[in-house]
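Visitor: need a structure here:
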Amino acid sequence: MKKISSQSFKLILAFVIIFSNYSYGKEFQKLFEITTPMSQVSNVDAAISKSFNDLIYRLTGDKNISTIKQIAPSVKIKKDYLVSYEPIKIDDQSFLVTKFNKDSLIEKLGSLEIPIIGYNRPTIMMLVKIEDGSRAPYILNNSSDSLVDNKIKIILDKVSNQRGIFFELPVFDLNDIKELNNLTIFDSEKDIILANYEYDFVLNLNFLQSKINKWIITGDYETKESLSLEGSLDDLGASLNSLADNYLSTFIMPDKESSIEVLVKNISTYDDLLKLQDAMLRLISIKTSVIKSYIEDSISYTLKINGDLDSFKKEIRANPYLQLIESDDNVTFMLISN
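Guide: Predicted coordinates:
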């Protein structure tokens, strides 16, 4: 087995935990939950098996059958990682919702030295210009709802759930509309849109109807020829999956183990402590945590983590209940109870 390097950090970290419904939008909260259409499988066991395979793809970016067999060579072993499953109906269609054991899977992937991608997931800002010939060109946004718009959104949702990434579309609130209406020849429509959002990557695409039911996609990736609408959408889905590999590669946890000191402030009640523990359980990088001291409203921990300090900080930034505050000498988190 390859030796894992160990690194110890002396700097102090302090947590800020925000208990509210507001999300900073980069934590994929249902990471270990898969919803599988029953129309794609023959029975519940087959649905569980497919769900497990889809989860491994989401966690590792690897859908190779040999990798999956390394982790769980049979349906019986796949079911050992199962926490629960539930049949549901969505729009009169049957689905199976499966939830898998995070700790067991992370431990197994670590023992096999298979790199993983945690809750911290990239946000891709989608700038898609639609030219269908029936109206002036426009940017696909949250409220646009033509047939083409809705079909593209279905593809984005499908790839988002499959890979565990976020595709963001412009909202076009009153402020956005006002700024866009005041464009001059020196202004860039896309620059004005991007200035109002936070994202990790930008994908620029033009969806152009060249003939009746013939579409061409140009921009950051291009179709080789004019395709039917359905053909273009299939091509879009396949290309987004390929691009997701590149996006996710920078979010893989480094293959090392580190030790860090963490200071958590503003823990004033027992409920605060429970919320803190719940928030820390969502940090996949944490292997072990030991309380060193509890003084007034502050708790000091020693953590062993998978990865390094940078990957740990990325995970903190992605968590909707944690806010990272950095200074020259240390990294600070504080607990804020609303």
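Visitor: for the residue nearest to Lys89 when sequence neighbours are not counted, what are its contacts?
Guide: Using Cβ to Cβ, 6 or more residues apart in numbering and skipping the chain neighbours, the partner closest in space to Lys89 is Phe95 (7.4 Å). Bear in mind the C-beta positions are built from the backbone N, C-alpha and C, glycine included. By Cβ atoms under 8 Å, 6 or more residues apart in numbering, the residues touching Phe95 are 35-38, 87-89.
Visitor: With adjacent residues omitted, what lies nearest to Glu33?
Guide: Nearest residue to Glu33, sequence neighbours excluded (Cβ to Cβ, 6+ apart): Lys99, at 5.0 Å.
Visitor: my bad, should have said Asp149
Guide: Leu140 (5.8 Å).
Visitor: Could I get the pLDDT score of the one you found?
Guide: Note on Leu140: pLDDT of 93.
Visitor: Report the separation between the residue nearest the centre of the chain and Pro170.
Guide: The centre of the chain sits closest to Arg121, judged by Cα atoms, centre = their mean, with a distance of 3.2 Å. Distance, Arg121 to Pro170, using Cβ to Cβ, to the nearest Å: 20 Å.
Visitor: Need phi/psi at Glu257.
Guide: phi -120, psi 140 (degrees, to the nearest 10).
Visitor: Just list whatever residues bridge to it.
Guide: Ser6, Asn306 (DSSP bridges).
Visitor: Then the one 4 residues further on?
Guide: As for beta bridges, Glu261 partners with Ile12, Thr302 under DSSP bridges.
Visitor: what about it, neighbour count?
Guide: 16 (other Cβ atoms under 10 Å).
Visitor: In a strand, Lys63, correct?
Guide: No - counting by DSSP: H, G, I helix; E, B strand; the rest coil, one finds Lys63 to be coil, located in no strand.
Visitor: Relative to Gln162, how far out is the residue lying closest to it once chain neighbours are set aside?
Guide: Sequence neighbours aside, Tyr57 is the residue nearest to Lys63 in space, at 4.3 Å (criterion: Cβ to Cβ, 6+ apart). Relative to Gln162, Tyr57 is positioned 7 Å away (criterion: Cβ to Cβ).
Visitor: Equivalent analysis for Tyr138, please.
Guide: 27 Å.
Visitor: what does Phe52 give?
Guide: From Phe52 to Gln162 the distance is 14 Å (Cβ to Cβ).
Visitor: Could you do Lys129 as well?
Guide: For Lys129, the distance to Gln162 - Cβ to Cβ - is 25 Å.
Visitor: Next: Lys287.
Guide: 28 Å.
Visitor: burial of Phe32, as a residue count?
Guide: 21.
Visitor: okay, now the domains of this protein?
Guide: Split into domains by automatic domain parsing, the chain comes to 5-27+253-337, 33-111, 123-249.
Visitor: could I get those domains as TSV with distance to Ile117?
Guide: Formatted as TSV, the domains of the chain follow (distance: least, Cβ to Cβ, whole Å):
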stretch	distance to Ile117
domain 5-27+253-337	7
domain 33-111	6
domain 123-249	5
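Visitor: weakest of those by average pLDDT?
Guide: domain 5-27+253-337 - the lowest mean pLDDT of those, at a mean of 71.
Visitor: quick check: longest helix of this protein.
Guide: helix 229-249 (DSSP state H).
Visitor: Pull the residues that contact that helix.
Guide: Contacts of helix 229-249 (Cβ under 8 Å, 6+ apart): 61, 117, 121-122, 124, 148, 151-152, 155-156, 158-159, 162-165, 167, 200-201, 203, 207, 213, 215-217, 221, 223, 227.
Visitor: I'd assumed Tyr199 was in a helix, is it?
Guide: No - read with three-state DSSP, Tyr199 is coil and lies in no helix.
Visitor: List of residues touching stretch 126-145?
Guide: 146, 148-149, 152-153, 156, 167-172, 189-190, 193-194, 202-209.
Visitor: Pro73 versus Ala279, what's the distance?
Guide: 35 Å.
Visitor: neighbour count winner among the two?
Guide: Using other Cβ under 10 Å as the criterion, Ala279 and Pro73 rank with Ala279 on top: 21 against 10.
Visitor: and the residue lying closest to the more buried one once chain neighbours are set aside, how many neighbours does it have?
Guide: Spatial nearest neighbour of Ala279, excluding adjacent residues (Cβ to Cβ, 6+ apart): Tyr321 at 4.5 Å. Tyr321 has 23 neighbouring residues, counting by other Cβ under 10 Å.
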